[in-house]
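Enquirer: here are the coordinates; sequence isn't available:
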């Protein structure tokens, strides 16, 4: 009910403008897109390449719809090659090296390009050295370069309160 499917949304948009709720329609589209992002993010962090691959096609459509044709084209070309062109051994090698886990911790996987950027970027190293120098100047005992997981409890609570206040998940005709 709160996540868009093509038939249900198409039917809702065919209604008379006074019978529609554009805010509600947009919210269910947003819910769908955010769930796709959450799914991809969790799959990547967990190192679940099968789920990452399965989630690419909806992103191709979104990139295409938003004018990001090069992203869409490259992703589609890559997925076609993975399915139909590359031999099975090369497919396996790509899947085994698509993500890396530099910390070794659960849900610590990152794209291999991320690791390359972190290791090779002089700006990142310069920023890290500045950070350490400031911490040394203030005689900080606990380094803050590696962050703990953020506690989003209050943020999510405020977001839920605002969404409830605005009734984004309540259908109101003519809105």
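Expert: That came through fine. This structure is a prediction, so every number in the text was calculated from the model and none was measured. Numbers count the residues shown, from 1 in each chain.
Enquirer: List the contacts of residue 23.
Expert: Residues in contact with residue 23, defined by CB atoms under 8 Å, 6 or more residues apart in numbering, are 166, 168, 172, 175. Heads up, the C-betas are built off the backbone N, CA and C, glycines and all.
Enquirer: Provide the count of other residues in contact range of the first one.
Expert: Translated: residue 166. When neighbours are counted by other CB atoms under 10 Å, residue 166 registers 11.
Enquirer: ok, for it, nearest residue in space, not its chain neighbours?
Expert: residue 23 (8.0 Å; CB to CB, 6 or more residues apart in numbering).
Enquirer: can you check the last one too?
Expert: In space, not counting the residues next to it along the chain, residue 175 is nearest to residue 21; the distance is 4.7 Å by CB to CB, 6+ apart.
Enquirer: Next up, the contacts around that neighbour.
Expert: Shown in contact with residue 21 (CB under 8 Å, 6+ apart): 12, 171, 172, 173, 174, 175.
Enquirer: how about a cut-off of 10 Å?
Expert: By CB atoms under 10 Å, 6 or more residues apart in numbering, the contact list for residue 21 reads 12, 15, 27, 28, 167, 168, 170, 171, 172, 173, 174, 175.
Enquirer: And it, how far from residue 31?
Expert: Taking CB to CB, to the nearest Å as the measure, residue 21 and residue 31 are separated by 14 Å.
Enquirer: phi, psi of the closest residue in space to residue 86 that isn't next to it in sequence?
Expert: Residue nearest to residue 86 in three dimensions, not counting chain neighbours: residue 94, with 7.1 Å by CB to CB, 6+ apart. With angles defined as degrees, to the nearest 10, residue 94 sits at phi -60, psi -50.
Enquirer: Look up how far residue 104 lies from residue 94.
Expert: 22 Å.
Enquirer: more neighbours, these two?
Expert: Ranked by neighbour count (other CB under 10 Å), residue 94 and residue 104 place residue 94 first, with 14 against 6.
Enquirer: these two touch, right, the more buried one and residue 78?
Expert: Yes. Contact status for residue 94 versus residue 78: in contact at 9.1 Å, counting by CB atoms under 10 Å.
Enquirer: Which residues are in contact with each of those two?
Expert: residue 86.
Enquirer: pLDDT weak spots in this structure?
Expert: 1-4, 6, 115-119, 121, 124, 139-148 (pLDDT under 70).
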